[in-house]
Each structure stands twice: as C-alpha cells, then as structure tokens.
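Student: Quick check, what structure comes out for this input:
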Amino acid sequence: MHADDATTDDIVAESALQLWAAAQTDFDPFEVPSDLWPGETVPVRDADIAVDTHLEVDDVRSALGRLDGVKVVVGREAGTVSVLRVIPEDVAL
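Tutor: Below you'll find the model as predicted:
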C-alpha cells in the first residue's frame, strides 16, 4: 500500500464512520455500546462518501475494498458500494 492509499483510507474511514453514525435514526452509535447496536442499520453509499471527502467515487470504492472487514462492513448492490456497518474499535478482529 502506498502512502497515498493509507491517507485516502484514513479519510474514507473517518467519513464513513461519521456519515454512518449520522444516518442511524434508531440509536446513537457514539452513545450505545456496540454490543447493543441493532442488527439492521442504515447504509451509507459510496457516492455520499465521495461528496463528503471530495474524492472520486472510484478512489472511495478502492479504499472501502481495503477497509472491508477491518473498519467497515461493505455491501455491493446494483453498482453501488455501501457501508452497511462500521466495526467499532472495541471489537477484536
């Protein structure tokens, strides 16, 4: 991984966390322990992260691919990559 990829990954991870947390309407991920998060959450689209970060969608998708299973859980549907869930820092991988 290049330094640029690591920087992009950090930017995308932070944006994904903030947007995903803001999208949740039934609970506040910053206030509720991760083991009490509901199973169904509101996803965040790659395009929304691209707008938030001012990155190209392809760069966001590449970063999400590297972050999948590490910091986020990614889903793919109809050409859209979405963050289905974030992986809390208090969860051991």
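Student: max-length helix in this structure?
Tutor: Secondary structure of the chain read by DSSP state H shows that its longest helix is helix 3-23.
Student: Okay, the nearest residue to residue 18 once chain neighbours are set aside and residue 19: tell me how far apart.
Tutor: When the adjacent residues along the chain are set aside, residue 18 lies closest to residue 52, with 7.7 Å between them (C-beta to C-beta, 6 or more residues apart in numbering). Any C-beta I mention is one placed from the backbone N, CA and C, and that applies to glycine too. Remark: distance between residue 52 and residue 19 (C-beta to C-beta, to the nearest Å) = 6 Å.
Student: Same check on residue 25?
Tutor: 13 Å.
Student: More neighbours: which of these two?
Tutor: A direct count of neighbours by other C-beta atoms under 10 Å for residue 25 and residue 19 places residue 19 higher, at 20 against 8.
Student: who's in contact with the more buried one?
Tutor: 44, 48, 49, 52, 83 (C-beta atoms under 8 Å, 6 or more residues apart in numbering).
Student: let's go with 7 Å and repeat that
Tutor: 44, 48, 49, 52 (C-beta atoms under 7 Å, 6 or more residues apart in numbering).
Student: Secondary structure of the residue nearest to residue 18: a strand, I assume?
Tutor: No: judged by DSSP: H, G, I helix; E, B strand; the rest coil, residue 52 forms no part of a strand; its state is helix.
Student: Residue 70: neighbour count?
Tutor: The tally of other residues near residue 70 (other C-beta under 10 Å) stands at 11.
Student: Give the helix, strand or coil label for it.
Tutor: Recorded secondary structure, residue 70: coil (three-state DSSP).
Student: got it, and residue 83?
Tutor: Here residue 83 is recorded as strand under three-state DSSP.
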